[in-house]
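Chemist: below: sequence and its predicted model.
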Amino acid sequence: MEAEGRVPGPPLPPPSPGSGGGAGARADAPAGAPGAARGPPLAAAAEVLSLDDEEDDLEVFSKDTSLAEVNLFSPSMPISPSSMINQYKIEDEPELRDLFITVDDPESHITTIETFITYRVVTKTSRGEFDTSEYEVRRRYQDFLWLKSKLEEAHPTLIIPPLPEKFIMKGMVERFSDEFIETRRKALHKFLNRIADHPTLTFNEDFKVFLTAQAWELSSHKKQGPSLLSRMGQTVRAVASSVRGGVKNRPEMFTEMNNYMETFSQKINVLDKIAHRIYKEEREYFNEMKEYGPIHTLWSASEEDIADSLKGVASCIDKCCKATEKRMAGLSENLLPILHEYVLYSEILMGVLKRRDQIQGELDSKVDALANKKTEKDLFSEEIGKLEDKVECANNALKADWDRWKQNMQCDMRSTFTNVAENNLRYYEECLATWESFLASQTVDLHVEADSEDRP
Amino acid sequence: MESAEAEPSDSRPEEDGAAPCSGLPPPEQPGATMEECLAKKMEITVSEAEKRTGRNAMNMQETYTAYLIETRVVESQSEGQCAPVDSLWRRYSEFELLRNYLSVTYPHIVVPPLPEKRADFVWHKLSADNMDPDFVERRRIGLENFLLRVASHPVLCQDKIFYSFLTQEGGWKEMVNETGFQLKADSRLKALNATFRVKNPDKRFTELKHYSDELQSVISHLLRVRARVADRLYGVYKVHGNYGRVFSEWSAIEKEMGDGLQSAGHHMDVYAASIDDILEEEEHYADQLKEYLFYAEALRAVCRKHELMQYDLEMAAQDLTSKKQQCEELATGTVRTFSLKGMTSKLFGQETPEQREAKIKVLEEQIQEGEEQLKSKNLEGRDFVKSAWADIERFKEQKNHDLKEALISYAVMQISMCKKVCLACERPGCCICRLTGDQMQTFNN
């Protein structure tokens, strides 16, 4: 089915007669604008738009923090039928869901040593293995980090969802600004829900503890992990085997995955930058527009005959301004967080592929050792058997999870870009309606004037 | 003896009769009606612009642009026949000369402005270079507009110099200079002086002055912000152009999404490119506003002229009063005001009666001259106010009509821009925005 591949992008006007150059010229200058007269400006345009490394601006904005009720899966999307359906497409059918998690209510805690934020995590479930059907606990960012590392430990070749970053290097003045907290909250919500929807991770014991244990229970549980020494040992082994590779015997499939991820990672990073840049430009546009409308109102104060027309124009511009604000909010609520999440995902996936290689490396080094020491064959072969199992498990787990991740990614991308497109369309429709009603009011006046004037 | 007064210039009923002298133009015929306007009798266009090089007054090489003015007499009677087209080339400085001539010769008229000399209020991507083809093109349109405005003006269209400007290539400059209009031009300093010192200006002109100041200020502000808005809008559209390449490269590694990404990328390119036309149209709107920005200056000039004339009048009246006073003092021997003469006469003795008589005679002559001058200045002033105000009313109507149309055309532009986008999404082939949940499900299978 050909239609299958369509990925939505923002709506756009058809090429107007003068602008034919745009279509084919995508190879070089991103501006791709037509018109011979625009020589120098084109170069300037390319310069203006080059995404330099300093655009590592990971400012995350969340304008609309006013949702009274947090939507089950998506923390911030409007509850519209299409978006609901899109969400459920990603994971299991709605009827099969038996674990619902929300993250909300950030609260600041100030002690003598530090200040930190906790979030309320509410869980509703019908699963048998949970003692009750509802839990409410408070967790801080550290706890989420702990959970993630436990999951990675337990399932080295599964794709663990990304956590929001610890802190933002550039562009953020205050660590605990409202915007920052809200964005983090949404990301944490997503994190837990993605785990809940994962066929394997959802049954992880540490996950259950995370969701249900009271604060002191959690601390004591945390201390029960494998000892520091053994964890260090694992790391050393991993590093050692990674040095030796695990690459030369790597199955073709995983090499393909690696290549894919390298390109994907590049592209998603650039997209992330572009999206942020667009947001920034829209914000500047909005700021200028805010000033534009009122000037017409000011002008109308000096005029008599055209005062109404001027006020009309002022009001239209103000309405379009508000519509721009809405469009920006849509971007910041939808596109920006998703792209950011997948930037993090690409890092995670590279890590997962590496870990798989490490596990393979362990096996390969043992096999090589065996080839050199024929005498301890029996000892080795048992170990090797275990390692072979381990590798096979790891590979299968990764393969399955990879397919699942790919599907989700495509779905997420489609729905996000569709959403952006819909937002854009709504914006233009609103502006259109505004100007059309202004025009109608003016032409009525003109007809009245024409009839009553005495033209020579 | 009554002291002469400058008559306040706002109330007297009109007196016909005494022909106005030096401040006003040569005796005019009554203004032309709409049908008689030159614009109706002659088609005027500025059809081309050409780069030229030549030598200027200091024998240095310079590059300039020349504009082709084409005129054709409209024969209303004979339908099938078309008169031949006359044409000549003029450069911007000649237009300036024409306008200066008109401003000085018809100071009571709000003379149409020329398009700007240098590109101003440019937004980032537009060139500020006078040789830039877009700027030249917009100037060409502005010059044509100027000529049409003059040709449709009931008074200005009858001017011979204007007619020659349109029809006589050689010797026109000399003709203009021979009118000696430069001598009649009021110095800026004089005008500034008058502005501060005039005591009794016509209230209507004072209001008009404030209005034109406000108009200038608000339109400048509007144009500045508009330029910034255009700049930002340009940025938004063009950054979308960056998507195209990334989507294209990304589509190379995707099997299922590949086509969709390509299509999305293509749309982005088209979207990004569409801003150029949009902003070009908006430049026309900006030009319309600019015309009235410059018109405000022309309005101001008329007010200034009135202030000058009024000040002149007041000075003449004051002069007359002081002379009359002097006369009186000499005649009666009383000294009402301190004067050096008074002091010297006290010190050195009175003048002889003969001397006094002589002085009184001279003063009386001067007084009579002064009274005549005052009378004629008053007349001038009233005529000026009457004809200026008539033109100002005409101008007001024109302004209201034009600005309203400009605002409407701005709305029309916005509508067409929005429609393009909305229609693009409703096309059957464009799947981007009209996907519903069901369709998505189909895609995923």
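Modeler: Thanks, I have the structure now.

Chemist: who are the contact partners of residue B:213?
Modeler: B:296, B:300 (CB atoms under 8 Å, 6 or more residues apart in numbering or on different chains). C-beta coordinates here come from the backbone N, C-alpha and C atoms, glycine included.

Chemist: quick check: phi and psi on residue A:251?
Modeler: phi -60, psi 150 (degrees, to the nearest 10).

Chemist: pretty sure it contacts residue A:395?
Modeler: Yes: Residue A:251 is within contact range of residue A:395, at 6.9 Å (criterion: CB atoms under 8 Å).

Chemist: run through chain B and note the low-pLDDT ranges.
Modeler: For chain B, the stretches flagged by pLDDT under 70 are B:1-36, B:75-82, B:123-128, B:333-351, B:424-445.

Chemist: now the helices: where do they sit in it?
Modeler: Using DSSP state H, the helices found in chain B span residues B:38-41, B:92-105, B:133-151, B:160-167, B:172-178, B:181-184, B:188-197, B:203-251, B:258-332, B:340-348, B:353-426, B:437-444.

Chemist: could you chop chain B up by domain?
Modeler: B:1-185, B:186-334+B:352-445 (automatic domain parsing).

Chemist: now those domains as JSON lines including distance to residue A:272?
Modeler: Formatted as JSON lines, the domains of chain B follow (distance: least, CB to CB, whole Å):
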{"stretch": "domain B:1-185", "distance to residue A:272": "26"}
{"stretch": "domain B:186-334+B:352-445", "distance to residue A:272": "10"}
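
Chemist: what sits closest to residue A:247 if chain neighbours are left out?
Modeler: Spatial nearest neighbour of residue A:247, excluding adjacent residues (CB to CB, 6 or more residues apart in numbering or on different chains): residue A:357 at 5.9 Å.

Chemist: the one you found is in what secondary structure piece?
Modeler: helix A:336-372 (DSSP states H and E).

Chemist: likewise residue A:412?
Modeler: Using DSSP H and E, residue A:412 falls in helix A:377-452.

Chemist: what's the answer for residue A:183, then?
Modeler: Using DSSP H and E, residue A:183 falls in helix A:178-197.

Chemist: contact partners for the nearest residue to residue A:321 once chain neighbours are set aside?
Modeler: Of all residues not flanking residue A:321 in the chain, residue A:289 sits nearest, at 4.5 Å (CB to CB, 6+ apart). For residue A:289, the contact set (CB under 8 Å, 6+ apart) comprises A:317, A:320, A:321, A:324, B:229.

Chemist: which of those residues fall within helices?
Modeler: Using DSSP H, those in helices are A:317, A:320, A:321, A:324, B:229.

Chemist: ok, residue B:96 to chain A distance?
Modeler: 26 Å (CB to the nearest CB, to the nearest Å).

Chemist: leaving out sequence neighbours, find the closest residue to that residue.
Modeler: Using CB to CB, 6+ apart, the closest residue to residue B:96 is residue B:114 (6.6 Å).

Chemist: quick one on the thing from earlier: model confidence over the strand or helix carrying the residue nearest to residue A:321, on average?
Modeler: Assigned by DSSP H and E, residue A:289 belongs to helix A:252-300. The average pLDDT within helix A:252-300 is 93.

Chemist: ok, residue A:201 - contacts?
Modeler: A:151, A:155, A:158, A:160, A:195, A:207.

Chemist: got phi/psi on the second one?
Modeler: Taking degrees, to the nearest 10, you get phi -130, psi 80 for the backbone angles of residue A:155.

Chemist: and the helices of chain B: which comes nearest residue A:126?
Modeler: Closest of those to residue A:126 is helix B:437-444, at 26.0 Å (criterion: CB to CB).

Chemist: what does the stretch 251-400 of chain A put close to chain B?
Modeler: Within the stretch 251-400 of chain A, the positions near chain B by CB under 8 Å from any CB of the partner chain are A:260, A:263-264, A:267, A:270-271, A:274, A:277-278, A:281-282, A:284-285, A:287-289, A:291-292, A:295-296, A:298-299, A:302-303, A:305-306, A:309-310, A:312-313, A:316, A:320.
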